[in-house]
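>>> mind looking at a prediction? Sequence and model below.
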Amino acid sequence: MIRVKSEHEIEKMRSAGRIVAETFEMLSETIKPGVTTKELNALADEFIKKNKATCSFYRYNGYPASICTSVNEQVVHGIPSGSVALKAGDIVSIDIGACYEGYHGDAARTFAVGTISSEAQKLIDVTKQSFFEGMSKAIPGNRIGDIANAVQSYVESNGFSVVRALVGHGVGAELHEAPEVPNFGTAGRGVRLVSGMTIAIEPMVNMGTYHVNTLSDGWTVVTADKKLSAHYENSVVVTAKGPEILTKC
Ligand code: MF3
Ligand code: CO
């Protein structure tokens, strides 16, 4: 069942989303060679709690940390670790969820660590832009397939691939709600969008094959060919005036 939100609920989601966006702002200065992903996790955890919110991912289906940190060929759900220090040339995807007064905000960004290759920078840029291509279709009367197709077309026309094994989702009182929001598909197909629907659009884009595997930790998703992957996500509300990003400062 798709839960359409009231203005009151959307206001709470803006608050949750603002905390998520501010957490990224706070973290961005510390993402440098030498920092461990566990240190980033601790900073985010502290910041979210200081803002009277809780970490949406902590203990979600047993997830053991407050945020996800996925380095290089890791696609999503990388577990922060004290033995993983970022090094120049790495890319790191950070996924953050915060719950404020019962409502979640969910977003992800991919950061460059020090100087990275131009191919890696292109991957980050195309992934971010593919989100905006998809979001531009999030208007009442359109369908989920319009978003999915816009993301896929943009990514593939730039020579990269979209992950198919994982998808975006509705977001609200639950971190994951209906409907699923895939990053591939056919325009004109799928659930029809209405004003007040809140969805997390989250392209996961690979440099090589779209196939992925899960590591033996049960969480970390990696590319099957070990090539780089990037992730970009925002929680968005569909309105008659167009899509509004909730996970912004
Ligand atoms: N942010 C992820 C998503 O967009 C959720 C991470 S769930 C966790 O769906 F369990 F890994 F934390
Ligand atoms: Co999400």
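Looks like it came in fine. Numbering: from 1, shown residues only. Ligands and ions are numbered 1, 2, ... in the order given.

>>> so Y100 bridges to which residues?
Applying DSSP bridges to Y100 gives these bridge partners: Y103.

>>> what is the neighbour count of it?
Residues near Y100, counting by other Cβ atoms under 10 Å, number 22. Using the backbone N, CA and C atoms, a C-beta is placed for each residue, glycine as well.

>>> list the buried ones in stretch 200-210?
By 16 or more other Cβ atoms under 10 Å, the buried positions in stretch 200-210 come out as 200-207, 210.

>>> can you narrow those residues to ones near ligand 1?
200, 202 (Cβ under 6 Å from any ligand atom).

>>> can you name the two of the buried residues of stretch 200-210 that are farthest apart?
Greatest spacing in those, by Cβ to Cβ: A200 and M207 (23.2 Å).

>>> and the helices in this protein?
For the chain, the helices defined by DSSP state H occupy 7-28, 37-50, 118-135, 144-157.

>>> run the contact check for the second one versus ligand 1.
To tie it back to what came earlier, the one meant is helix 37-50. No. With Cβ under 6 Å from any ligand atom as the criterion, ligand 1 is not reached by helix 37-50; the gap is at least 11.5 Å.

>>> so which bits of that helix are buried?
Neighbour-count burial for helix 37-50 flags 37-45, 47-48 (criterion: 16+ other Cβ under 10 Å).

>>> kindly report the same for the first one.
Within helix 7-28, the residues that qualify as buried are 9-10, 12-24, 27, counting by 16+ other Cβ under 10 Å.

>>> can you check the third one too?
By 16+ other Cβ under 10 Å, the buried positions in helix 118-135 come out as 120, 123-124, 126-135.

>>> ditto for the last one
Residues of helix 144-157 classed as buried under the neighbour-count rule (16+ other Cβ under 10 Å) are 144-155.

>>> hmm, who's touching that helix?
126-127, 129-131, 133-138, 161-162, 179-191, 193, 201, 203, 205 (Cβ atoms under 8 Å, 6 or more residues apart in numbering).

>>> so what's V84 closest to, chain neighbours aside?
Residue nearest to V84 in three dimensions, not counting chain neighbours: T37, with 4.9 Å by Cβ to Cβ, 6 or more residues apart in numbering.

>>> flag every residue of the chain that's near ligand 1.
57, 60-61, 63, 68, 77, 95, 97, 106, 200, 202, 233.
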